[in-house]
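Enquirer: have a look at this fold, sequence not included:
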């Protein structure tokens, strides 16, 4: 009769191996949650800085309105110089840099350079100064690049000290941090997951592992736990219109699709692509002069709207949803142009919130044009989603973000319908999605830098 000792020993060994496998998976989950917590905390701190900058901007522009003609161009020149001198990959939104990084080969040094911690560190104070000066920019795009950099740095540190992270690669850390940054910035956990799949993963072969998606959700839920479940634009209390809702939705989709397509095309082409060919050489060779000119343009638009276009214009969109009157009937056009001018200046700053507030302005104008003032909040809500969708060509992300930011679950179907139609209209004007078009430029910039660094040792040796 066989002794039970060998069977007991094999059983103990099997249970031990199972326990070790379980503990490794648990440790991996814990490490991902720690990275999500890091992204959430950085996003909260960045949001507090941005809110402080917006508050101070309102104070100084109201107390000394004549200073906008001096401070705006000087601030734009300073910010552009800092980008050129210290942080060439921090210009603009931050989302194209993440997409470009994910599209590069894993052995390319530019892959890490685009979302390095050094670039992210510069992004924070430069965006803060831009908001303080009054540039028409948002913090959500920068939060995506900052989140990607923070999560990548965390993953690299974990691997450096030998923690078990088998199965994770650089691309997944970057994607998780970027989507977590958006979820934390908007206080919208579900939007981060949708954004990761629809926008970041578009055209890329990314493996969305369960732990990655849990990390994205965790970043958003940690912000909710620390700051409260407060929708960004307050809670939407209206409901779909009982009559002709389909007609009004399609009208909003058509108008926002055209406006969003023009907006995306202007951003994609840049100032050099919009001026006569004789002036393009000057635009390329004198970026600081261009920045100063764009600062004057934003100052002029701010003067026309009593400061309404400065910063994110968050108050304008929130007041529009609350059925309050709008100070300027031309706000939406002024906001669109101010955002384009701020982007053309080459300074850090996103377009997410400015696009939402531009859509809110379009909604107010449409409601008044068709004599539907009592339904203003409905027009504003669906135009916010439609204009953002037309600008980014990401209809599901736009709809879910607006839903979570306004607590408007009852309107999700109409926002999805409007966003899908607006995206189709926008593609007729700007065939390629703006973020991915801009990502191509950053990709070429990174590859050029890689080639230059590779050639430097050869020249030195020769």
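Expert: Thanks, I have it. As the structure is a computational prediction, the values presented were derived from the model and not from experiment.

Enquirer: from here on, just use CA atoms for contacts and neighbour counts.
Expert: Noted.

Enquirer: quick one: residues contacting the residue nearest the centre of the chain.
Expert: By Cα atoms, centre = their mean, the chain has its centre lying nearest to residue 141, at 2.5 Å. Contacts for residue 141 (Cα atoms under 8 Å, 6 or more residues apart in numbering) come out as 93-95, 182, 349-352.

Enquirer: take the residues you listed and keep only those in helices.
Expert: Judged by DSSP state H, the contacts of residue 141 include 95, 182, 352 as members of helices.

Enquirer: just name the closest of those to residue 241, please.
Expert: Set against residue 241, the nearest of the ones in helices among the contacts of residue 141 by Cα to Cα is residue 352 (27.0 Å).

Enquirer: isn't that closest one up against residue 142?
Expert: No. Between residue 352 and residue 142 there is no contact under Cα atoms under 8 Å: 10.1 Å.

Enquirer: okay, these two: which has more neighbours?
Expert: Between residue 352 and residue 142, counted using other Cα atoms under 10 Å, residue 142 has the larger neighbour count: 32 against 20.

Enquirer: so how far is the helix or strand containing the more buried one from its chain's centroid?
Expert: Under the criterion of DSSP states H and E, residue 142 resides in helix 140-160. Centroid separation between helix 140-160 and its chain, computed with Cα atoms, centre = their mean, to the nearest Å, is 15 Å.

Enquirer: and for stretch 299-312?
Expert: Using Cα atoms, centre = their mean, the offset of stretch 299-312 from its chain centre is 22 Å.

Enquirer: tell me which residues of it are tucked away?
Expert: By 16 or more other Cα atoms under 10 Å, the buried positions in stretch 299-312 come out as 299-303, 305-312.

Enquirer: stretch 37-51 too?
Expert: Neighbour count says stretch 37-51 has 37-44, 46-47, 49-51 buried, by 16+ other Cα under 10 Å.

Enquirer: next: stretch 240-249.
Expert: Those would be 248-249, for stretch 240-249 by 16+ other Cα under 10 Å.

Enquirer: distance to residue 148 for the ones in helices among the contacts of residue 141 - can I get that in TSV?
Expert: What follows is the ones in helices among the contacts of residue 141, written out as TSV (distance: Cα to Cα, whole Å):
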residue	distance to residue 148
95	10
182	10
352	17
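
Enquirer: just for the stretch 151-300 of the chain, where's the confidence low?
Expert: Counting by pLDDT under 70, the stretch 151-300 of the chain shows low-confidence ranges at 164-168, 203-209, 229, 234-236.

Enquirer: all helices of the stretch 1-150 of the chain, in order?
Expert: 4-63, 68-86, 95-103, 109-113, 117-133, 140-160 (DSSP state H, counting those that start in this stretch).

Enquirer: out of those helices, which gets nearest to residue 452?
Expert: helix 109-113 (11.4 Å).

Enquirer: please, where are all the helices along the stretch 351-462 of the chain?
Expert: 352-369, 376-392, 395-406, 412-429, 434-461.

Enquirer: most neighbours per residue, which of those helices?
Expert: Stretch with highest mean neighbour count among the helices of the stretch 351-462 of the chain: helix 376-392 (a mean of 31; mean count of other Cα atoms under 10 Å).

Enquirer: need the winner for burial among the helices of the stretch 1-150 of the chain.
Expert: Note that of these, helix 95-103 is the most buried (mean count of other Cα under 10 Å), with a mean of 27.

Enquirer: contacts for that one, please.
Expert: Residues contacting helix 95-103 (Cα under 8 Å, 6+ apart): 89, 110-112, 114-115, 141-142, 144-145, 148, 171, 174-175, 178, 200, 204, 435-436, 438-440, 442-443.

Enquirer: number of residues surrounding the residue nearest to residue 265 when sequence neighbours are not counted?
Expert: Nearest residue to residue 265, sequence neighbours excluded (Cα to Cα, 6 or more residues apart in numbering): residue 430, at 5.3 Å. Neighbour count for residue 430, taken as other Cα under 10 Å: 23.

Enquirer: next: residue 283.
Expert: As a measure of burial, residue 283 has 17 neighbours, counting by other Cα under 10 Å.

Enquirer: which ones are touching it?
Expert: Taking Cα under 8 Å, 6+ apart as the test, what residue 283 contacts is 271-272, 290.

Enquirer: out of those, who has the most neighbours?
Expert: residue 290 leads the contacts of residue 283 on contacts (other Cα under 10 Å) with 23 neighbours.
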